[in-house]
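1. For reference, the sequence and a predicted model appear below.
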Amino acid sequence: MNNKTRIRAGALLVLVAGLVLGTTLLANAEEGSDEVTVALKWLPQAQFAGYYAAKEMGFYEEEGLRVTIAPGGSGDEPQALVAAGSAEFGVTWLGILLEARDQGVPLVNIAQVFQASGFRYITQADSGIAGPADLRGRTIEVWYGGNEVPLLALLQKYGLDPDNDLTLQSQAFDMNAFLNRNVDASAAMSYNELNVVRESIVGASVNLTIDEVLALNVGAYQALEEAVNPDGELTIFDVNDEGVAMLEDMIFTSETFLSTEANRDIAVRFVRASLRGWEYARDHRSETVEILLTQDADGSMSRLHQALMLDAVIELIWGSGGELGYLEPALFEQTADIALQFGVIAQPASTAAYSHEIWELATSED
C-alpha cells in the first residue's frame with residue numbers, strides 16, 4: 001500500500017467512525033427523549049399552526065420530547081384518547097373538557113391558547129336582520145354536538161325561544177346553504193367559514209371562480225378584498241361582544257398523567273415548546289403556512305385560505321390582550337356558567353378543571 005492509499009484509507013476510516021458516532025449520539029438522544037402524542041380536535045390546518053411549527057422548528061426536540069401530532073376529524077375525540085392514555089395531551093374546546101369532567105373523566109386544562117371565541121353568526125346585510133332580536137321567525141343553521149350552545153345563549157339573551165320563535169336546522173360543514181340563501185343565518189368560525197364566505201363574495205364581485213380566488217397570492221387577494229369589502233354584504237354577530245362566548249382551543253391532559261413529578265415535568269416542557277411554536281407562527285406567518293402545507297395529504301389545502309386562517313387565529317390568541325396560555329378565571333366562569341345553564345354539564349364546574357401551575361412553570365424564566 002503506497003502513502004496516498006494509506007491516507008485515503010485513513011480518511012475513510014475517520015469518516016466512517018464519524019458517521020457511526022453521529023448515529024450513536026442521535027440514537028442515544030432519542031433514547032433519552034420522552035415520547036408523547038398530542039391529539040388535535042380537527043384536521044391539520046392553521047387552527048393548530050403552533051404545534052406543527054413547534055415540531056418542524058425543533059422546539060419539542062430541544063425540550064427533550066419526541067412528539068407525534070395526531071390529527072382529528074375521524075376516530076376518537078381528543079378527550080377520549082387522553083382519557084384512555086392513547087395520547088398524553090389533547091387540544092379541544094373548554095366546554096368539551098367540562099362535559100367530560102362532568103361525566104367523571106378527570107381531564108385538566110393546562111394552557112388556554114385561544115383567549116377569545118371564534119364563533120360568529122352571520123346574515124346577509126339585505127336580509128332585514130340588523131341584530132339578534134331580528135332572528136325571530138327566521139331559519140338558522142347551526143352545528144350541533146354542543147356547538148349550538150353559544151347560539152342558544154345568544155337567543156336567550158334576546159328573549160327568543162329556539163323551539164317556538166324560529167327554526168333551527170343542522171348545518172353542513174360548508175357554507176352552501178348560506179351562500180345560496182336557503183337559510184337566513186349561519187354559524188361561522190372567524191378563522192374558517194367566515195373567510196369562505198368572504199372569498200365567495202370577492203370572487204363573485206370580480207367574476208372569478210372560487211378556485212381562481214384561492215389561487216391568488218395573499219397580497220392580491222387582500223387588495224381585492226379591500227376594494228370589494230365583503231363584510232359590507234354581511235351582518236356579523238360576535239359572541240364575544242354579546243357576552244355569550246365559551247372558550248375554545250386549549251391544551252389539556254389528565255389528572256392521572258399529572259400525578260407524577262416526571263410527567264409534570266414533561267407537561268411543562270410540552271407547553272413551553274408549544275407556546276414557543278405559536279410565537280413562531282405569529283412572527284413567521286408565511287413560513288408557517290408552508291409548514292402546514294406539508295400536512296396536505298389530499299391536496300385540499302389552499303395557501304391563501306390557510307394564510308387568512310392563520311391571521312384570524314392569531315387575532316383570537318393575542319387580539320384581546322390576554323397572555324398566551326393563561327386561562328383568565330372570569331372567562332372560565334363564563335364558559336362554565338353557560339355550559340351549566342344549557343345542559344352541557346349537570347353540576348357546576350369545579351376550578352379543578354384547570355391549573356395555572358404548568359403554565360407558570362413553562363413561562364418562568366428560571
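-> Structure's in. What do you need? Owing to the predicted nature of the structure, the values given are computational and were not obtained by experimental measurement. Numbers count the residues shown, from 1 in each chain.

2. hey, let's count contacts and neighbours off CA atoms from now on
-> OK.

3. Make sure Val244 is indeed in a helix.
-> No. Val244: not assigned to a helix; according to DSSP: H, G, I helix; E, B strand; the rest coil it is coil.

4. That one and Leu154 touch, don't they?
-> Yes. Using CA atoms under 8 Å, Val244 is in contact with Leu154, at 6.2 Å.

5. since we're on Phe59, how many residues are nearby?
-> Neighbour count of Phe59, defined by other CA atoms under 10 Å: 21.

6. which residues are contacting the helix or strand encompassing Leu308?
-> Here Leu308 sits within helix 303-318, counting by DSSP states H and E. Helix 303-318 is contacted from outside by 45-47, 49, 113-118, 190-192, 195, 214-218, 282, 285-286, 289-290, 293, 324, using CA atoms under 8 Å, 6 or more residues apart in numbering.

7. ok, Met301 - contacts?
-> By CA under 8 Å, 6+ apart, the contact set of Met301 is Leu293.

8. roughly how far apart are it and Ile291?
-> Shown here: Met301 relative to Ile291, a distance of 12 Å by CA to CA, to the nearest Å.

9. Specify the local secondary structure of Val105.
-> Val105 - assigned by three-state DSSP - is coil.

10. for Arg120, same thing?
-> strand.

11. so who does Glu255 touch?
-> Here Glu255 is in contact with 106-108 (criterion: CA under 8 Å, 6+ apart).

12. Correction: the previous question concerned Ala54.
-> 60, 273-274, 276-278, 280.

13. and with 6 Å instead?
-> The contact partners of Ala54, by CA atoms under 6 Å, 6 or more residues apart in numbering, come to 274, 277.

14. OK, contacts around Ala273?
-> 59-60.

15. I'd like to check the angle between the host helix or strand of Phe270 and helix 303-318, please.
-> Assessed by DSSP H and E, Phe270 sits inside helix 261-283. On the basis of axes from the mean of the first three to the mean of the last three CA atoms, to 10 degrees, helix 261-283 is oriented at 120 degrees to helix 303-318.

16. Specify the next element, helix or strand, located C-terminal of helix 261-283.
-> That would be, after helix 261-283 and using DSSP H and E, helix 285-293.
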